[in-house]
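Asker: Give me coordinates for this.
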Amino acid sequence: MVVINTGDILFPFLRYVNDPVRLNIEKGMVTHIEGHGVEAELLKSFIHRYRDPRAYAVSHIGWGMDETAQWEYLGTGRNAAQATGCDGRAYYGNVLFSTGPNLELGGKNDTPCHLDIPLRGCTLTLDGTTIVAHGDLVPEALRVE
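Answerer: Residues are numbered from 1 along each chain as shown. Just a heads-up that it's a prediction; the model follows:
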């Protein structure tokens, strides 16, 4: 399960989440979107509009390592990185959860439906190794001191 919490970011909507949304995931696919706020409805209708089951696929998961990135830039900044929302995606200690295409990573999913969802203050464990714990990078090699 992925929990999109209050204050997390939904791209391409350029919007902070007001009410938590839960994504149930099974076998690499979002199987159910739960939530009571407008963001859950936005996600449901956005993905459904493509009428492509591959739009529900988990595309990639990463973590932010840019200690100069500012969470407050949603894509309204003056430079190219801010205008495309790079700060939210690269914010130090975040987790970036994405759905849709994965061609750049050697996959075969070419659906045009893509969501990037930067999550702040959460925990990410991969194959039993904690990479991010409550928004802090855990492996010493990844930390900025």
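Asker: For the rest of this, base every contact and every neighbour count on C-alpha atoms.
Answerer: Will do.
Asker: residue ranges with poor pLDDT in this structure?
Answerer: Counting by pLDDT under 70, the ranges of the chain that qualify are 73-84.
Asker: can you give me the strands in it?
Answerer: Taking DSSP state E, the strands of the chain run over residues 2-4, 9-10, 15-16, 21-26, 29-34, 58-63, 95-99, 115-119, 124-126, 129-133, 136-137.
Asker: What is the fourth one packed up against?
Answerer: What it means is strand 21-26. Applying 3 or more Cα pairs under 8 Å, 6 or more residues apart in numbering; DSSP states H and E, one finds that strand 21-26 contacts strand 2-4, strand 29-34.
Asker: between the longest helix anywhere in the chain and strand 21-26, how many degrees?
Answerer: If you go by DSSP state H, the chain has its longest helix at helix 38-49. Angle between the axes of helix 38-49 and strand 21-26 is 40 degrees (criterion: axes from the mean of the first three to the mean of the last three Cα atoms, to 10 degrees).
Asker: what about stretch 101-111, how long is it end to end?
Answerer: From its first residue to its last, stretch 101-111 covers 5 Å (Cα to Cα, to the nearest Å).
Asker: meant to ask about stretch 34-43, not that
Answerer: Using Cα to Cα, the end-to-end distance of stretch 34-43 comes to 10 Å.
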